[in-house]
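Participant: Sharing a model that was predicted from the sequence below.
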Amino acid sequence: MAERKRSPVWLYFQIQAENEMTARCVICKKAVKYSGNTTNLYKHMKNHPRENKELQKQREEVRNPPPPGPDRPTPPTERQRSLAEAFQSGREYPADSPRAVEITRSLAEMIVKDLQPLSVVEDDGFRNFVRTLDPRYKIPSRKSLMEGKLPALYEDCCSKVRKALSGVDNVVLTTDMWTSRATEAYLTVSCHIIDENWQMLAFVLETCSVPGQHTADNICSELTRIVEEWGITDKILAVITDNGANMVAAQKWLGTLPMFCYTLNLVVKDSFKAHPDLLEIQQKSSAIVAFFHHSTKAADKLKEIQKQQKFPEQKLIQAVETSSTCHRNAVSESDLSTFIMCIKLKLCHQLCPSSCNYVKLFCRGCCIPTCSKRWDMDRI
């Protein structure tokens, strides 16, 4: 049996819990006798002209609903499912069904593009999320992804890269040796090309482990193997690398060019060494930043001072020696960030001379003996 429609008048009344034969008006709080019909309730609403006008409009729409149109499409009628449909809705997709294959491929692409661990398919939250989206889909195991979809995606990606490389005459490589947190050495080789549409494309050809000594011969052997596997030995225009002696010697036969980020970092380092006063400021600045990074109390005080001075709330950049590479789109910030910080300190002193007192205040808390001296801001 279809559920009886509730009258719109009940938007303005509530049945009394102590007496179900009366309803209280939510507008004037007056109790109105209710005998199983809404006649008395509609009569009472005439005492509230504005609300009664809206009520009559709603009442008319219930009695005579507007015909379907562009703005009011015909509501879909629910059809009772057949026994076969009801049985099918509770079954899992077969592993080779188009829907299951599509979802599994999308899952593998998500893991690859977002660098997610394979263990994500075993996480309870993720499994519940997928079950909510499509209860019929069965999440594959880690082993299934490792042995099936991921190798297939790798081969598909390799074929696309080979096709792109075969369509150009010149390529430029970038290489770098780096060390993981587990102190394992790796060599990463990237390739850069300009296609027929004048679009610059970049591909990471390989990241391989380099055990043993990192001599020029060992590095050269790995580079030779990689470029031969991709068939680009005769297309290499130049190789961009850092200024390490072993890296430069390993790639003389390819035409080595130094990385701009490494060269810029060396220029800044040499600039500091050439000016002892600037080097002293760098050391003081590095000590101040290190202090704020190791003291939550000082960091909170710094935020408070920035708000008092109505400065934008910013964090200090710590000067850390890094082997940043162009593979990760990063530039070494060790000395460059300190140089920029010195410029900002001078600008800050010019705008608000009293702010220098806050810096000296934290210097004393930093336990840096050299910070007790007065800073000559004009030298910065």
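Facilitator: Everything's here; your move.

Participant: pLDDT below threshold where in the chain?
Facilitator: Low-confidence segments of the chain (pLDDT under 70): 1-6, 17, 65-90, 243, 245-246, 248-264, 319-380.

Participant: quick one: the strands in it?
Facilitator: Using DSSP state E, the strands of the chain run over 13-15, 22-25, 31-33, 171-179, 185-194, 200-209, 236-241, 256-258.

Participant: residues touching the spatially closest residue to Met177 that is not a sequence neighbour, list them.
Facilitator: Nearest residue to Met177, sequence neighbours excluded (CB to CB, 6 or more residues apart in numbering): Leu187, at 5.6 Å. The C-beta positions use only the backbone N, C-alpha and C, and glycine is treated the same way. Shown in contact with Leu187 (CB atoms under 8 Å, 6 or more residues apart in numbering): 175-177, 206-208, 210, 219, 222-223.

Participant: Would you agree Glu122 is in contact with Leu145?
Facilitator: No - the pair Glu122 / Leu145 is not scored as a contact, 11.0 Å apart, by CB atoms under 8 Å.

Participant: distance of Arg50 from Lys57?
Facilitator: Distance of Arg50 to Lys57, computed by CB to CB, to the nearest Å: 12 Å.

Participant: Sorry, wrong one. I was asking about Thr183.
Facilitator: To Lys57, Thr183 is 76 Å away according to CB to CB.

Participant: the more surrounded of the two?
Facilitator: Of the pair Thr183 and Lys57, Lys57 is the one with more neighbours under other CB atoms under 10 Å, namely 10 against 6.

Participant: Which of the contacts of Leu187 sits closest to Ser159?
Facilitator: Nearest to Ser159 out of the contacts of Leu187 is Glu206 (CB to CB; 15.7 Å).

Participant: residues in contact with that closest one?
Facilitator: Listed by CB under 8 Å, 6+ apart, the contact partners of Glu206 are 187-189, 226, 229.

Participant: okay if I get the residues you listed as CSV plus distance to Phe129?
Facilitator: Below are those laid out as CSV (distance: CB to CB, whole Å):
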residue, distance to Phe129
Leu187, 38
Thr188, 33
Val189, 37
Ile226, 39
Glu229, 39
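
Participant: Which ChimeraX command selects the buried ones in those residues?
Facilitator: To isolate the buried members of the contacts of Glu206 in ChimeraX, using 16 or more other CB atoms under 10 Å:
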select :187,188,189,226
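
Participant: Verify the stated contact: Pro94 with Ala100.
Facilitator: Yes - using CB under 8 Å, Pro94 is in contact with Ala100, at 6.6 Å.

Participant: For those two, work out which one has more neighbours and name it.
Facilitator: Legend: neighbour count by other CB under 10 Å for Pro94 and Ala100, higher for Ala100 (18 against 11).

Participant: Asp156 is nearest to which of the strands of the chain?
Facilitator: Among these, the nearest to Asp156 by CB to CB is strand 200-209 (13.8 Å).

Participant: For that closest one, which strands pair with it and how are they oriented?
Facilitator: Strands that pair with strand 200-209, judged by DSSP bridges, come out as strand 185-194 (antiparallel).

Participant: Pop out the phi and psi values for the closest residue in space to Glu196 that isn't next to it in sequence.
Facilitator: Closest residue to Glu196 apart from its sequence neighbours, by CB to CB, 6+ apart: Gly167 at 6.4 Å. Gly167 adopts backbone torsions of phi -90, psi 10, taken as degrees, to the nearest 10.

Participant: these two touch, right, Gly167 and Asn197?
Facilitator: No - counting by CB under 8 Å, Gly167 stays clear of Asn197, with 10.5 Å between them.

Participant: Which of the two has more residues huddled nearby?
Facilitator: Between Gly167 and Asn197, counted using other CB under 10 Å, the more crowded position is Gly167 (10 against 6).

Participant: Return the distance of Asn40 relative to Ala100.
Facilitator: From Asn40 across to Ala100, the span is 61 Å (CB to CB).

Participant: hmm, back to that, please list only the buried members of the contacts of Leu187.
Facilitator: With burial judged by 16+ other CB under 10 Å, the buried subset of these is 175-177, 206, 210, 219, 222-223.

Participant: Quickly name whichever of those is closest to Leu118.
Facilitator: Closest approach between the buried ones among the contacts of Leu187 and Leu118, by CB to CB: Glu206, at 20.7 Å.

Participant: where's that closest one relative to Cys158, distance?
Facilitator: Going from Glu206 to Cys158 by CB to CB gives 11 Å.

Participant: What does Ile317 show for phi and psi?
Facilitator: Backbone torsions for Ile317, taken as degrees, to the nearest 10, come to phi -90, psi 120.

Participant: tell me which residues of stretch 299-309 are tucked away?
Facilitator: Residues of stretch 299-309 classed as buried by neighbour count (16+ other CB under 10 Å): 301-302.

Participant: again, but for stretch 198-211
Facilitator: So stretch 198-211, judged by 16+ other CB under 10 Å, has buried residues 203, 205-206, 210.

Participant: of the residues you listed, closest to Gln306?
Facilitator: Closest approach between those and Gln306, by CB to CB: Phe203, at 43.3 Å.

Participant: Would you mind measuring from Trp193 to Phe272?
Facilitator: Not quite, residue 193 is Ile, not Trp. Between Ile193 and Phe272 the computed distance is 38 Å (CB to CB).

Participant: go on, Arg50?
Facilitator: Arg50 sits 77 Å away from Phe272, going by CB to CB.

Participant: do the same with Val168
Facilitator: Distance of Val168 to Phe272, given as CB to CB: 41 Å.
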